[in-house]
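K.L.:
Need the 3D shape of this:
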Amino acid sequence: MSAVRPHLASARWDVEAIRRDFPVLHQSVNGHPLVYLDSAASSQRPRQVIDAISRYYEQDHANVHRGVHTLSQRATDAFEGARESVRRFIGARSTKEVIFVRGTTEAINLVAASFARPRLQAGDEIIISALEHHANIVPWQLVCEQTGAKLKVIPISQEGEVDFDAFQSLLSARTKLVALAHVSNALGTVVPVKRFIDVAHKHGVPVLLDGAQAVPHAKVDVQALDCDFYCFSGHKMCGPTGIGVLYGREALLNAMPPWQGGGDMILAVTFEKTTFNQLPWKFEAGTPDIAGAVGLAAAIDYLENLGMDRIAAYEQELLHYATAALQKVAGLRIVGTAPEKAGVVSFVLEGIHPHDIGTILDAEGVAIRTGHHCAMPVMDFFSIPATARASLAFYNTRAEIDALVHALERARAVLL
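P.N.:
Down below sits the predicted model:
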């Protein structure tokens, strides 16, 4: 895998040099230069990731763990090397704690099916917050229906912050799991998850974090957080779609039954009995997304060469600039104003439906997300059907934010 060019690791943040690594950014949409402000839905990929995947398919493709021939050994080395890259990136103790899955959604469903469902009984409780993505709501609803457990919801404030005092009052002897977003995809709120984890652990309650919107934007250390499970997706951090990670404490994963059966998750099979494989392969039935893991490792290398602290600092500068610029647009109201936010600005424009905003902006070459962002309870809380959402990444510029503002003024002129 090719490394990021050395000058990108220098003290000066050279966003134009970074942008040259992203082929997709250099195109026109509807006669305008593309302004891509939808990275919370899916980030773009640098050439280094694209090349790593191409090299794998051109030179090394074979199935992993099963062959003695050279290509199989190369593929296995690349796949397990990617696991080590993930372990290092999130600070896990061992590669046994790194499970490859399709993405955050599958990781949460795995924990719901394999950890929660066998343990829950009628009357037990799971706690989530009111700002969760559907992927951190629906699996728990399903497991509650299956077991008779109950889902408890921590309220949020008008600023979009999770009510910590209310959380403490919800904890009880019946609480068996807490599942929280690290960063809200709909509002950008950065939840102070360490506070929640510490209190939950005092009650002996394990905590799962949905880190899909956190891992791409700041350094995450699962040991420092002391969480029990952490979930994230490759495609939101410059990697491929269809690959993600479940981190889990080794002791918990060892105690959990497999959630899918098939090849590679077994040591021995007879018609009478199956002996399951060791961690992490116990949870990886069938042929994995080998190319996805290779691409994810390349994305990790890219982000680490840029420096997660520098990425976070640059994106915060962009967020502050974007917030100030958007607040000058007449009739615009930002939804989600927590003091601690990632690079997400959700907003509504008086008199214009968010979908109409998105259509006009697309005509101007500006790509944003409109809708409920898979967080319908959040929209219900604010009594709105949807928002327009501009989400930032380290390859965005102030000039692109200016283009967003110009396009919004165009939308007001056309639709009002």
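K.L.:
and the protein, what are its domains?
P.N.:
For the chain, whose domains are defined here by automatic domain parsing, the residue ranges read 51-304, 307-415.
K.L.:
okay if I get those as CSV plus distance to Ala40, mean pLDDT and mean neighbour count?
P.N.:
Backbone N, C-alpha and C define where each C-beta goes, glycine included. Formatted as CSV, the entries for the domains of the chain read as follows, by distance: least, C-beta to C-beta, whole Å; pLDDT from 0 to 100; neighbours: other C-beta atoms under 10 Å:
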stretch, distance to Ala40, mean pLDDT, mean neighbour count
domain 51-304, 6, 97, 20
domain 307-415, 3, 96, 19
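K.L.:
Using a markdown table, lay out these together with distance to Arg12.
P.N.:
As requested, those are arranged in a markdown table below (distance: least, C-beta to C-beta, whole Å):
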| stretch | distance to Arg12 |
| --- | --- |
| domain 51-304 | 18 |
| domain 307-415 | 10 |
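K.L.:
Compare these and give me the one nearest Val15.
P.N.:
Ranking the domains of the chain by distance to Val15, with C-beta to C-beta as the measure, places domain 307-415 first at 5.7 Å.
K.L.:
Find out how far that closest one is from the centre of the chain, if you would.
P.N.:
Averaged C-alpha coordinates place domain 307-415 at 19 Å from its chain's average position (C-alpha atoms, centre = their mean, to the nearest Å).
K.L.:
do stretch 29-36 as well
P.N.:
Stretch 29-36 has its average C-alpha position 26 Å from the chain's average C-alpha position, going by C-alpha atoms, centre = their mean.
K.L.:
and that stretch, which residues are buried?
P.N.:
Of the residues in stretch 29-36, those scored as buried under the neighbour-count criterion (16 or more other C-beta atoms under 10 Å) are Leu34, Val35, Tyr36.
K.L.:
Sort out which of those are in strands and list them.
P.N.:
The strands in this structure, assigned by DSSP state E, contain Val35, Tyr36 from those.
K.L.:
Who are the contact partners of Val183?
P.N.:
Contact partners of Val183, counting by C-beta atoms under 8 Å, 6 or more residues apart in numbering, are Thr189, Val190, Val191, Gly211, Gln213, Ala214, His217, Ala342, Val344.
K.L.:
Need these in TSV (columns: distance to Leu361 and secondary structure).
P.N.:
As requested, these are arranged in TSV below (distance: C-beta to C-beta, whole Å; DSSP: H, G, I helix; E, B strand; the rest coil):
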residue	distance to Leu361	secondary structure
Thr189	24	strand
Val190	26	strand
Val191	29	coil
Gly211	29	coil
Gln213	22	coil
Ala214	27	coil
His217	23	coil
Ala342	21	coil
Val344	16	strand
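K.L.:
Check the offset of the helix ranked longest in the chain from the chain's centre.
P.N.:
In terms of residue count, the longest helix belonging to the chain (DSSP state H) is helix 70-90. Here the centre of helix 70-90 is set off from its chain's centre by 21 Å, with C-alpha atoms, centre = their mean.
K.L.:
Tell me which other helices or strands it touches.
P.N.:
strand 98-101, strand 244-248, helix 290-306 (3 or more C-beta pairs under 8 Å, 6 or more residues apart in numbering; DSSP states H and E).
K.L.:
Can you name the element that comes right after the first one?
P.N.:
If you walk from strand 98-101 toward the C-terminus, the next helix or strand you reach (DSSP states H and E) is helix 104-111.
K.L.:
Output the contacting helices and strands for the next helix or strand after that following helix.
P.N.:
Next in sequence after helix 104-111, counting helices and strands by DSSP H and E, comes helix 117-119. Here helix 117-119 is seen to pack against helix 138-147 when contacts are counted using 3+ C-beta pairs under 8 Å, 6+ apart.
K.L.:
Packing partners of the helix or strand following the helix it packs on?
P.N.:
With elements assigned by DSSP H and E, the helix or strand that comes after helix 138-147 is strand 150-154. Using 3+ C-beta pairs under 8 Å, 6+ apart as the contact criterion, the neighbours of strand 150-154 among helices and strands are strand 125-129, helix 138-147, helix 164-170.
K.L.:
Paired strands for strand 150-154, with orientation please.
P.N.:
Strand pairing for strand 150-154, determined by DSSP bridges: strand 125-129 (parallel).
K.L.:
quick one: contacts for Arg412?
P.N.:
For Arg412, the contacting residues are Val329, Ala330, Gly331, Leu349, Ile352, taking C-beta under 8 Å, 6+ apart as the criterion.
K.L.:
what's the distance between it and Leu361?
P.N.:
With the distance defined as C-beta to C-beta, to the nearest Å, Arg412 ends up 12 Å from Leu361.
K.L.:
can you check Ile311 too?
P.N.:
For Ile311, the distance to Leu361 - C-beta to C-beta - is 25 Å.
K.L.:
which residues of the stretch 301-416 of the chain fall in strands?
P.N.:
Taking DSSP state E, counting those that start in this stretch to define them, one finds strands in the stretch 301-416 of the chain at 332-335, 344-349, 366-367, 369-371, 387-391.
K.L.:
could you give the angle of the longest one to strand 387-391?
P.N.:
To tie it back to what came earlier, the one meant is strand 344-349. With axes from the mean of the first three to the mean of the last three C-alpha atoms, to 10 degrees as the criterion, the two stretches strand 344-349 and strand 387-391 enclose an angle of 150 degrees.
K.L.:
hmm, who's touching strand 344-349?
P.N.:
Around strand 344-349, the neighbours that count as contacts under C-beta under 8 Å, 6+ apart are 40, 183-188, 213, 319, 322-323, 326, 329, 331-336, 354, 357, 373, 384, 387-392, 408, 411-412.
K.L.:
ok, now with 7 Å
P.N.:
Applying C-beta atoms under 7 Å, 6 or more residues apart in numbering, the contact partners of strand 344-349 are 40, 186-188, 322-323, 326, 331-336, 354, 357, 384, 387-391, 408.
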